[in-house]
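Trainee: Sequence below, structure please.
(one chain, ligands or ions: 1)
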Amino acid sequence: MSVNLCPGEGGQTKRKAIGLLSGGLDSFIAHALIKRQGLEVVALYFLSPFWKRNPLVLQGANDLGIPVREIFLGEEYLSLIAKPKYGYGKNLNPCIDCKILMLKKAKEVMEAEGASLVFTGEVLGQRPKSQLSWSLRVIEKESGLDGRLLRPLSAQHLPPTIPEQEGWINRDQLLALSGRSRKAQLALAEQLGIKNFSSPAGGCLLTDAHFSYKTKDLIDHQQLSLDNVILLRWGRHFRLTPEFKLIVGRNQKENQEILSLLRPGDFLFLPQNGKGPVALGRGAISETEARLSAQIVARYSRFPEEKARIEVKVYPKEDKKLLEVKPLKDEDLEKWRI
Ligand code: SF4
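Mentor: Have a look, this model is predicted:
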């Protein structure tokens, strides 16, 4: 496959296009292709508590000479996760609704910037649900970008967009990729000089079965909030009652992260007569859950005596209580683990 690398078709006014940049190879190829057609390109990089930040986005965009704007999706993304109109993928990933939301935001930027086009790195048939031709069409319609949403990698399989019809995007220079193979993209990466890109697995935690399970637990207990979702990234999670969860650090880094995420009213459990993790309790608690939490913390601690002494306090108060407990047995631990 070969792409004409000459920029723009002669002498047109420079138009602006807004791209969605994930840091994956397909999105970089899409940006390179549109830039090489002579358009001014602005990349949008979306962030949410459900995605890991991709360090290659800024570097790769810089290599292509494309400015990046970051957009954080917070509360509105939470409502989407709880009840996606088009359902979930294999795990709790609401891909169609997720793309519609990002593209609605991209449309707002397009209008504010006086741009005329939004484009993505989607490839027809690459993903089981969100990249079939019906879903590409649904995403285009629901985002309000009818005729102004271009998928440069698969454009020749799709109806021409307004920019192609008007001739300021050359359809012949767009691609006809489809399916799951990465061969053509890897060859294009070489040809277009794209070196910094992430693997297709990506950083969406909602495609991870265990993370999805923990998120579902929050939804089921009406506790889906940004604070609670951010906490899902760290530690072992235990649900002791519908109202109360315990999160136990697995190492020094997780202990620090958990401490940094304490909010007023959270319970903090700290081993006193030995070495062990930090644990955060969130929600309403009784003496029973306090002791059970201390037993769980003791299970992950090392202490020289028969019983562990675990300090409990309510953040940020200094008052503390000391609980003497035996560690919980592993078979009992599993009853509470999420
Ligand atoms: S994989 Fe995650 S980030 Fe990508 S479209 Fe699906 S939900 Fe959105």
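
Trainee: CA only for contacts and neighbour counts going forward, please
Mentor: Will do.

Trainee: Could you list the residues of the protein in contact with the ligand?
Mentor: Taking Cα under 6 Å from any ligand atom, the part of the chain that reaches the ligand is made up of 93-95, 98-99, 204, 206.

Trainee: Selecting buried members of those in ChimeraX, what would you type?
Mentor: In ChimeraX, selecting the buried portion of those, with burial taken from 16 or more other Cα atoms under 10 Å, looks like this:
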select :93,94,95,98,99,206
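
Trainee: what's the most distant pair in the residues of the chain next to the ligand?
Mentor: The span of these, defined through Cα to Cα, is set by Lys99 and Leu206 at 13.7 Å.

Trainee: Residue of the stretch 201-338 of the chain closest to the ligand, please.
Mentor: Shortest the stretch 201-338 of the chain-to-the ligand distance, computed as Cα to the nearest ligand atom: residue-wise this is Cys204, at 4.6 Å.

Trainee: Pull the contacting residues for that residue.
Mentor: Cys204 sits next to 50-52 when contact means Cα atoms under 8 Å, 6 or more residues apart in numbering.

Trainee: Looking at these, which is nearest the ligand?
Mentor: The shortest distance between the ligand and any of the contacts of Cys204, using Cα to the nearest ligand atom, involves Trp51 and amounts to 6.8 Å.

Trainee: still on that earlier bit, among the contacts of Cys204, who's most crowded?
Mentor: The member of the contacts of Cys204 surrounded by the most neighbours (other Cα atoms under 10 Å) is Phe50, with 24 neighbours in all.

Trainee: Name whatever forms a beta bridge with the closest residue to Val248 other than its chain neighbours.
Mentor: Taking Cα to Cα, 6 or more residues apart in numbering as the measure, Val248 lies nearest to Ala279, with 4.3 Å between them; neighbours along the chain are not counted. Beta-bridge partners for Ala279, by DSSP bridges, are Val248, Phe269.

Trainee: Spit out the contact partners of Ala279.
Mentor: Remark: with contacts taken as Cα under 8 Å, 6+ apart, Ala279 is in contact with 246-249, 255, 258, 268-270, 297.

Trainee: how does it look with 7 Å?
Mentor: If a contact means Cα atoms under 7 Å, 6 or more residues apart in numbering, then Ala279 has 246-249, 268-270, 297 as its contacts.

Trainee: Then Gly125?
Mentor: Taking Cα under 7 Å, 6+ apart, we find Gly125 in contact with 131-132, 178-180.

Trainee: List buried residues within those residues.
Mentor: Buried residues within the contacts of Gly125, defined by neighbour count using 16+ other Cα under 10 Å: 131-132, 178.

Trainee: what's the closest of those residues to the ligand?
Mentor: When these are compared against the ligand (criterion: Cα to the nearest ligand atom), the nearest one is Gln131, at 9.7 Å.

Trainee: Assign that closest one to one of the three secondary structure states.
Mentor: When the structure is split into helix, strand and coil by DSSP: H, G, I helix; E, B strand; the rest coil, Gln131 lands in coil.

Trainee: burial measure for Leu175, as a count.
Mentor: Each residue near Leu175 was counted by other Cα under 10 Å, and the total is 20.

Trainee: residue contacts, Cys98?
Mentor: For Cys98, no residue meets the contact criterion (Cα under 7 Å, 6+ apart).

Trainee: So what's the predicted local confidence for it?
Mentor: We have a pLDDT of 97 for Cys98.

Trainee: any idea how far the closest residue to Thr161 other than its chain neighbours lies from the ligand?
Mentor: Take Thr161 and drop its neighbours on the chain: the residue closest to it by Cα to Cα, 6+ apart is Gly147, 4.7 Å away. Distance of Gly147 to the ligand, given as Cα to the nearest ligand atom, to the nearest Å: 21 Å.

Trainee: So for Gly147, what pLDDT did the model give?
Mentor: Spelled out, the predicted local distance difference test score at Gly147 is 97.

Trainee: What is the neighbour count of it?
Mentor: Burial measure for Gly147: 17 neighbouring residues, criterion other Cα under 10 Å.

Trainee: One more: the one 3 residues further on?
Mentor: A count of neighbours around Leu150, defined by other Cα under 10 Å, yields 30.

Trainee: Quick check: bridge partners of it?
Mentor: Beta-bridge pairing of Leu150, defined through DSSP bridges, involves Phe119.

Trainee: What residues does it make contact with?
Mentor: 118-120, 161.

Trainee: Farthest pair within these?
Mentor: Greatest spatial distance among the contacts of Leu150 (Cα to Cα): Thr120 and Thr161, at 13.2 Å.

Trainee: quick one: which of those two has more around it?
Mentor: For Thr120 versus Thr161, neighbours defined as other Cα under 10 Å are more numerous around Thr120 (24 against 19).
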